[in-house]
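Asks: What follows is a predicted structure for the sequence shown.
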Amino acid sequence: MNEHQNLNWPAASYLVVVLGFIYLPVVILVLFSFQDGLLPVPPFNGPSLQWYYKLLSNERLVDALLNSVIVAVLSGLVTTLLGFLAAYGLSRSPVTFSGSARFLLIAPITVSYLIIGIGLLITFNLVGVGKSLFSVGLGHVVINLPLAFAIISSQMNDSHKNIDAAAHDLGASDLQTIVLISAPMMKPSLLAAFCLSATLSWDEFIVAFLLSRFEVTLPVMIFEMLRAGLTPEVNAAGTIVFAISLMIVLFAASTLLIKQRDTK
């Protein structure tokens, strides 16, 4: 027994180090957002909510927060819809080069956001689309679509095809089959794709920075604040970004757990 415990010490120590490396910066960020002082450095004086009050009284920052919510939700919905339609089309009506089509849809995951952002900026300039929240939303659809497609496509199997075929045999149209049969069956993967797309859009900076001008998202606003130096107000803004991202993930996880429990 003692030997078994001794053998687990290296693994336990490694786990603690890894978790500390991942979560310690977040803990420090959150902790010093409650600093009762002008600088987010030790010693910690607090807790105090003054920087959150100051943050919420900053009209530009609140607008950036709302912009981020709008872009994340709308781009997440569009990304999930397009990813579902692409996965459904390739799985139900396989084309000759379906493997190549899947590869081309997933390949952008390997491309740097900087390269995609610059390419989108040049393309939008050529077609006359200016920098705006609309451009940022389109950019987020482009960068998140491959991941949404991969998530949804991985959950489509032969049983779904058979159910769709049965629905068609009973007289259902293609639209009825998609809306009433396929989409409800794919709810867990659709929810996962939406939540992941919305979360990635919510805290994405590079594409948002390149494609926005006057209406900016919260990460771009935080970057502007950092130019004046690190303050507890910046920590408070970062904490809000982290908290909302965590809420989205917890919502998705709890919803999936409830659905799994109900199906048992």
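Replies: Right, received. Where do you want to start?
Asks: Give me the neighbour count for residue 145.
Replies: With neighbours defined by other C-beta atoms under 10 Å, the count for residue 145 comes to 23. Glycine gets a C-beta too; all of them are placed from N, C-alpha and C.
Asks: Report the contact partners of it.
Replies: 79, 82-83, 86, 105, 108 (C-beta atoms under 8 Å, 6 or more residues apart in numbering).
Asks: And the helices in the stretch 101-250 of the chain?
Replies: Assigned helices in the stretch 101-250 of the chain, in chain order: 113-127, 133-154, 158-169, 174-176, 183-185, 187-202, 206-211, 218-226, 232-263 (criterion: DSSP state H, counting those that start in this stretch).
Asks: Quick one, which of the ones you listed gets closest to residue 29.
Replies: helix 232-263 (5.3 Å; C-beta to C-beta).
Asks: what helices or strands is that closest one leaning on?
Replies: Helices and strands touching helix 232-263, by 3 or more C-beta pairs under 8 Å, 6 or more residues apart in numbering; DSSP states H and E, are helix 2-32, helix 50-56, helix 187-202, helix 218-226.
Asks: residues in contact with the shortest one?
Replies: Pointing back at helix 50-56 there. 33-36, 61-62, 231-233, 235-237, 240.
Asks: quick one: low-confidence ranges for this protein?
Replies: The chain contains residues with pLDDT under 70 at 1-7, 37-41, 44, 46, 93-97, 230, 256, 258-264.
Asks: Would you pull up how far stretch 178-193 lies from the middle of the chain?
Replies: 18 Å (C-alpha atoms, centre = their mean, to the nearest Å).
Asks: rewinding a little: how about the helices of the stretch 101-250 of the chain, which one is nearest residue 70?
Replies: Ranked by C-beta to C-beta, the member of the helices of the stretch 101-250 of the chain that lies closest to residue 70 is helix 133-154, at 7.0 Å.
Asks: Which helix in this structure has the most residues?
Replies: In the chain, assigned by DSSP state H, the helix with the most residues is helix 59-92.
Asks: what's the angle from it to helix 218-226?
Replies: Angle between the axes of helix 59-92 and helix 218-226 is 140 degrees (criterion: axes from the mean of the first three to the mean of the last three C-alpha atoms, to 10 degrees).
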